[in-house]
Structure formats: structure tokens, C-alpha cells
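Novice: Fold the following and give me the result.
(one chain, ligands or ions: 1)
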Amino acid sequence: MTELPPLREVIKKHGLSASKALGQNFLFDHQLLARIAKVPGDLAGAEVFEVGPGPGGLTRALLEGGASVTAVERDRRCIPALAELGEFFPGKLEVIEGDALEVDAPALFAGKPHVVANLPYNVGTALLIGWLSAEWKPWWASLTLMFQKEVAERIVAQAGSEAYGRLAVLAQWRSTPRIAMTVHRSAFTPPPKVMSAVVHIVPTEAPEGVKLKTLEALTAAAFGQRRKMLRQSLRGVPGALAAMEQLGIESSRRAETVSVAEFVSLARVLG
Ligand SMILES: C[S@@+](CC[C@H](N)C(=O)[O-])C[C@H]1O[C@@H](n2cnc3c(N)ncnc32)[C@H](O)[C@@H]1O
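Specialist: From the prediction side, this is the model:
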């Protein structure tokens, strides 16, 4: 092969009609895929963990950017198409047939890979929460993930907005998320019902003396009753009312006005 065949031909050749059950919405636009592949930064010589490569559109763009890609794909039908792509980039693509929710991803890499994925909504969110909740500093250098736009907005939301909640605090207390680009639904085949966005997340130092478990107990209680005043919603969290008083956080406030830094301070006082 001197040139890669167009993706639509690959789909046709391997009979890869999009499966609804597997949440398959494929991207074919070469320029768009190249833009997504650039979100983590310069990939020349970098390791990438791609989840859900499907027919390999994004995989191509990552390989063209100079990355070494290890990919996990659940749909067996896609494996021969990905093997052909691997022949075009010898030694640069390893494909594992399996479920990304079960694969021991950190064990696949010597260094810290960039994670890149365009996944079904439910799988992407489950993986994100798992990755953000695991040991810190994490095994990955950055996350570049496609979500439905509404979820992307919840990840980057600031205090005071409707979208702000548990996911924003989890994503922001020891990492920096941003929406790198929005993607119109018409870019996908078949088009999903809603708009999408690519989120880029870079880990930072974890604040000292703060336990994730404590922080999560606070945000679960606070956002579980987000319309209630904190003195009501945090009543069941031992020590929370005293901690608020110590920190000068008004107990008449509501969860969505409490910044990530304030939740972190509260969690630190609670120990
Ligand atoms: C939305 S499609 C995107 C495909 C391709 N990355 C693209 O951008 O065109 C999602 C892909 O993830 C795969 N997938 C779904 N659940 C998965 C899982 N649990 N583990 C690994 N791959 C999965 C699907 O088979 C499908 O190929």
C-alpha cells in the first residue's frame, strides 16, 4: 500500500455499518480528525492510548501526527481494518480487542501516554470518573475526550452556573479541564441527536491534606440537595457545619455558589 484508502472505502470493504448497541458514530472528516489529534499537543514520538478506534479515523490522524498508538476496541469487526492501518505504520500501532472498562490500561505503558477517545457517552463518562478518582499523579499525561456538549460543559463549569456540580469539582480539584473544540452533530455518521465537544484535561498537583473520599462525601451531600442551604444539605456530614464556620463560609449559601477551592478547604479541615 502506498496510500491509505479513504475511510469510507475501509468501512465498505470490512462491512462496518455503525452499530447503535455499541454507540458507534464515526468521524470521517480528515481535517476535523487532524484538529482533534492536535489537541494534546505535539505527538511526535509520544505514546497515545486510544479507546474505541472503530474503523480508525482518529487513529490515522494520531499516527500521522507521529504518535505510537495502543488502542482498545470492543467491536471485533473493526480489528482487520485496524490491522491494515498498522501495516501502513509499521511498529506504531498495537490493537487490543477488548472492553476498555476492563483493560488494565496503566500496565500497557512504560511512560505516561496521552489518552485520546471518541467513545459512547456512557462509556466515556465511566472511564473519566475512574481515571479522575484513581491514584495521583495519574498514569496518563493528558486526556482528550469527546463528550456530548452538555457533559463537557458540566466538566468545565464554574461555581454559580447551572452546569456546576460534582463532576466539575472532581475534574477541577487536581486537574485543569478545558473545552478544546465543539463538534457539530453532522460531522458524525450517523449523526447523534446532540452536539459534541472535545475536552482536554491536564493533571496538576493534588492539594495537600485533602482526601478524595472526604471531598466526594461533601459534594454528594451538597449537590444532592443543591437548592437547599448548606446548613441543611451538609447536616449529615460530621464536622461540616463547624468547618464552614471556621472557614467563614456562610451556611445560608447553596452548593452551586461554593467554589472548587472552598470545597477543597472544607475537605482539608474535615481531614
Ligand atoms: C463513537 S465510535 C467512534 C469511533 C472512532 N473513534 C471515530 O472517531 O470515528 C465509538 C467506538 O468505541 C467502541 N467502543 C464502545 N464501547 C467500548 C468499550 N467499552 N471498550 C472499547 N471500545 C468500545 C465502539 O465499538 C466504537 O468503535
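Novice: The closest residue to the ligand within the stretch 151-271 of the chain bridge partners, please.
Specialist: As assessed by CB to the nearest ligand atom, the ligand sits closest to Phe188 within the stretch 151-271 of the chain, at 7.3 Å. C-beta here means a position set from N, CA and C on the backbone, and glycine is covered the same way. Beta bridges link Phe188 to Leu27, judged by DSSP bridges.
Novice: That one and Phe26 touch, don't they?
Specialist: Yes - applying CB atoms under 8 Å, one finds Phe188 in contact with Phe26, separated by 6.6 Å.
Novice: For the residue of the stretch 151-271 of the chain closest to the ligand, grab the count of nearby residues.
Specialist: Per other CB atoms under 10 Å, the neighbour tally for Phe188 reads 19.
Novice: What separation do you get for it and Gly45?
Specialist: Taking CB to CB, to the nearest Å as the measure, Phe188 falls 30 Å from Gly45.
Novice: Ok, Leu241 next?
Specialist: Per CB to CB, Leu241 is found 53 Å from Gly45.
Novice: Find the residue closest to the closest residue to the ligand within the stretch 101-250 of the chain in space, skipping its chain neighbours.
Specialist: Across the stretch 101-250 of the chain, the shortest distance to the ligand (CB to the nearest ligand atom) belongs to Asn118, at 3.7 Å. Nearest non-adjacent residue to Asn118, counting by CB to CB, 6 or more residues apart in numbering: Met146, 4.1 Å away.
Novice: Now do the contacts for the residue in the chain that the ligand sits nearest to.
Specialist: Distance from the ligand to each residue of the chain (CB to the nearest ligand atom) is smallest for Gly52, at 2.3 Å. Each residue near Gly52 by CB atoms under 8 Å, 6 or more residues apart in numbering is listed here: 72-74, 100, 117-120, 123.
Novice: Take the residues you listed and keep only those in strands.
Specialist: Judged by DSSP state E, the subset of the contacts of Gly52 located in strands is 72-73, 117-118.
Novice: which among those end up buried?
Specialist: Buried residues within those, counting neighbours by 16 or more other CB atoms under 10 Å: 72-73, 117-118.
Novice: pLDDT for those - can I get that in CSV?
Specialist: Below are these laid out as CSV (pLDDT from 0 to 100):
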residue, pLDDT
Val72, 98
Glu73, 97
Ala117, 97
Asn118, 95
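Novice: for the residues you listed, which one is nearest Trp140?
Specialist: When those are compared for distance to Trp140 (CB to CB), Ala117 wins out at 11.1 Å.
Novice: hang on, that closest one packs against Leu127?
Specialist: Yes - shown here, Ala117 and Leu127 form a contact pair, counting by CB under 8 Å, at 7.4 Å.
Novice: Give me the common contacts of those two.
Specialist: The contact sets of Ala117 and Leu127 overlap at 51, 100, 145 (CB under 8 Å, 6+ apart).
Novice: just the buried members of those residues?
Specialist: Burial by neighbour count, 16+ other CB under 10 Å: within those this picks out 51, 100, 145.
Novice: who's in contact with Phe188?
Specialist: Taking CB under 8 Å, 6+ apart, we find Phe188 in contact with 25-27, 196.
Novice: How about Val210?
Specialist: Val210 neighbours (CB under 8 Å, 6+ apart): 173, 264, 267-268.
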